[in-house]
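S.K.: can you look at this prediction? I've put the sequence above it.
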Amino acid sequence: MAESVYLAPDVQLPYCRGCGHALVVRHLSRALERLGLPPRSVVLTTDIGCVGLADSLFPYLHTVHTTHGRSTAFATGMALAEVTLDEHRLKPIVMVGDGGAMIGLLHLVHAAQLNVDITVLVHNNFLFGMTGGQHSALTPLNWVTATTPEGNWTPPLDLLALLRTAHAGFLARQYATAADLDTTIADAIDFPGFSLVEVVELCTAYATRWNRLTGKTLDEAMQRQGYRIGEFETEQERPTFIDLYRHEHGSHSASEPEPQFEEVSTRAQLEKELHLVVAGTAGERVQSAANLLCRAALAVGLYSTQKNDNPVTQGTGFSLAEICLSPQPIEYTGMESPDVVVIASGDGWKELLANGTVARCHAGTLVLLDSEVEASPSVGRTVRLPLRRQANPKRAALAGLAAWMSMTSALPAAAWEAVLTALPAGRQADTAEAIQIGRRLAESGNGAVA
Amino acid sequence: MLAEGALASGCRFFAGYPITPASEIYEVMMRELPGRAGLGLSAPDEISSLCYCVGASLRGLKAMTATSGPGWALMIETVQYALMTETPVVIALVQRLGPSTGGATQGAQGDVWLAAFSTSGGYTIPVFSPSTAAECYELVQQAFDWSERLRTPALVLSDKEVGMTTEVVDDATLEKIAVHERPRSTRHPSRGAYAFDDPEEVPTFTEVGGDVKVTVTGSAHDQAGRLRKNSPEVLEVLQHLQRKIEAHAEEMALAKPDLDPDARCLLISYGVTARAARQAVGMLRREGYPISFLQIQTLFPVPLRALDWAVASAPFVFVAEENLTGQYRAVLAPHLSGKQVFGINKIGSLISPTEIVRAVQGVMS
């Protein structure tokens, strides 16, 4: 074999006699030479196992020796960075065994889905060679390994079949002993996207010691498993990650700038921290209403914090927000005792009971309660308002907060103006109406003081 | 703010996987990076997230991911790889209540040990702990700066209450740091990826894909990156990994002292609990009770000089943190000999200023 600039000229291969790994590195070197890739444009990303000894054999290539199974993921990261840098030189080639392919199966699947420009050479010798010949997920049925002394009884994974479902663009299976393995490897490297070659080998330290294996019986075993040998360009026309990213990126317009938010000249008359809780039903814009109040407070010179809570499912059950307003920067964002509680629905009331907020109310706490909620808070001062009926359920929380603002001198009404002008045009009218309803309810004395 | 701070640091690559309470960082980075010459990617799990970031960093990009305790558990393998290969990368670990999946929407400061002691060999990874949105912005820049300067993974240890609380930030007061780039001179191009003259020196970085051949390995290696066994040079490289951090420990150890020369007791806190602690200190002082306070911003390496200074005249030390076992108190304990040390601990909800005041008064009166 002619020596090349890729494989060290006087290389002593570190593999057992007859091991397929030696054939793969020689064929890889030939494939690189045939493609004429500059050595510095290739990074060999090697996995754990005998396969990971390949680094030192290629003194001119970049080499990254990784953790077990992760070689594909590190290579994917490098390929993605190449796209980010808008350079298209670096070609990651992954060398992984059958054990590493299984522990890193997710990385193979995702690389195939992304169609990143990497080539994976799976050295499939059907077992863990370096650690003593243990069974792997690709061990054929009935094979004896160190951990299946009576023969393997779990069906082997067909890696190529699986990756086909992940839309891998180029898949091939070839014997390490095939004279044209270098052609297959070169085709894979040349493929502009995710490509994988499963090289079928024999581990001469263990597989051939414990099983009657020859080239012929190996071929028979492959046939029994329904494994075909050859190149399978399943989705060659698929856009590569670069194409997809450019398409997406090219059409990516900077998000529309938010309308300018400006403070108003009127200042808040708040001397100390004020704590509010607004509670309602998920999906009824409770936390959005709280956010609008915080913005209103900001417009009149206050500091604020907002802490949201909801069940992990997000779209069902309660939704609540704890708000702290203060003339000074706020340190503690928790709430020892609320000053104002707005309850926009029964879900909100139940949660405030359950989480202890109701019990933490003080004598001066103002509770604004939707009229439809069946509840009788025994603490603080309760005012019932027909928030849901008049404003509708999705605007009840905001109407409740607007009603509170009308009842207090803490925040001037002008605060809402700044909020409204900073909203997208489509939301302004609806929001203004909810605020108006809240104000009207408060000012008309429509609330029933319980 | 953490995402904004990362972008201000020159972060151009983010790979993430959704997890409460870190998802907002992920979402902001996905939204913002394409317009800022960067790439944001949805990874299929946390292991992939960090591997992608490390791969991108090996190619030369500043990279970050964000997660919470359960995701961090999966990332530890790759954090060690980044440490061993001297690859800069930043991880935002937004804590939630553990163990296991724990309470996804509940805050906690229970991952201090898990963050700090995640490497075999006990190597120091810089860990920064913000207490406010503004500090998220500032400390993630510190994390990038030290990650790049020392070629090391670095952590921002936030928590649900800091990460998911909306608050007003005065952007005129936000601190912008001139984040360094990793040292790139090709002083030792022929000596490989990990060449140093002094074990405290940070090897110059050469990116994979450049004109100089790079050899990277997570296995024990010599200065050229070659796998070696029983070589004194390998042990020297391993010692270097810790010594390069220790050599800069005081520089990166940030703490905010608020000391009272008359105080006999010192309150120490970090992260979200530092907010309640600051308020508690104000309450105690208004009652005429002298107390000193030290907010630790760099949890690791421990800011020993600031600690020694703060604790000098205080025989009583309180450490307030939202975990059950006093994780940072235990870290500080060896440096507090001769002091009476008390923990103020709680899980499930924020420690309040009143609880801190009561705890201090309970001991001191």
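M.R.: Perfect, I can see it now.
S.K.: from now on I want contacts and neighbour counts done on CA atoms only, so please keep to that.
M.R.: Fine.
S.K.: and the residue of the stretch 51-200 of chain B nearest chain A?
M.R.: The nearest approach of the stretch 51-200 of chain B to chain A comes at B:Y52, 3.8 Å away (Cα to the nearest Cα).
S.K.: please report phi then psi for that residue.
M.R.: The phi/psi pair for B:Y52 (degrees, to the nearest 10) reads phi -60, psi -40.
S.K.: would you tell me which helix is longest in chain B?
M.R.: Counting by DSSP state H, the longest helix found in chain B is helix B:133-150.
S.K.: helix or strand right after that helix?
M.R.: strand B:153-159 (DSSP states H and E).
S.K.: surely A:Q428 and A:A418 touch.
M.R.: No - judged on Cα atoms under 8 Å, A:Q428 makes no contact with A:A418 at a distance of 11.2 Å.
S.K.: for those two, work out which one has more neighbours and name it.
M.R.: Between A:Q428 and A:A418, counted using other Cα atoms under 10 Å in any protein chain shown, A:A418 has the larger neighbour count: 20 against 14.
S.K.: pretty sure that one is in a strand, no?
M.R.: No - applying DSSP: H, G, I helix; E, B strand; the rest coil, one finds A:A418 to be helix, outside a strand.
S.K.: distance check, it against A:S265.
M.R.: As judged by Cα to Cα, to the nearest Å, A:A418 and A:S265 stand 10 Å apart.
S.K.: which residue ranges make up the domains of chain B?
M.R.: Following automatic domain parsing, one finds the domains of chain B at B:2-173, B:255-364.
S.K.: quick one, which of the ones you listed is packed in tightest?
M.R.: Mean neighbours per residue, mean count of other Cα atoms under 10 Å in any protein chain shown, is largest over the domains of chain B for domain B:2-173, with a mean of 23.
S.K.: now do that one, average pLDDT.
M.R.: For domain B:2-173, the mean pLDDT works out to 96.
S.K.: need the distance between the two termini of that domain.
M.R.: End residues of domain B:2-173 are separated by 16 Å (Cα to Cα).
S.K.: now do it: distance to the chain's middle.
M.R.: 9 Å (Cα atoms, centre = their mean, to the nearest Å).
S.K.: equivalent analysis for stretch A:424-434, please.
M.R.: Here stretch A:424-434 is found 34 Å from its chain centre; the criterion is Cα atoms, centre = their mean.
S.K.: and stretch B:252-263, end to end?
M.R.: So stretch B:252-263: terminal residues 27 Å apart, Cα to Cα.
S.K.: and if you look at stretch B:337-347?
M.R.: One end of stretch B:337-347 to the other measures 27 Å (Cα to Cα).
S.K.: get me the contact residues on the stretch 1-150 of chain B for chain A.
M.R.: Contact residues (Cα under 8 Å from any Cα of the partner chain) of the stretch 1-150 of chain B with chain A: B:12-13, B:34-35, B:37-39, B:43-44, B:48, B:51-61, B:78, B:81, B:104-105.
S.K.: give me the subset of those residues lying in strands.
M.R.: By the criterion of DSSP state E, membership of the residues of the stretch 1-150 of chain B next to chain A in strands covers B:F13, B:L39.
S.K.: biggest helix in chain A by residues?
M.R.: helix A:425-443.
S.K.: now the helices for the stretch 101-250 of chain A?
M.R.: A:105-114, A:159-165, A:181-190, A:207-210, A:215-224, A:241-250 (DSSP state H, counting those that start in this stretch).
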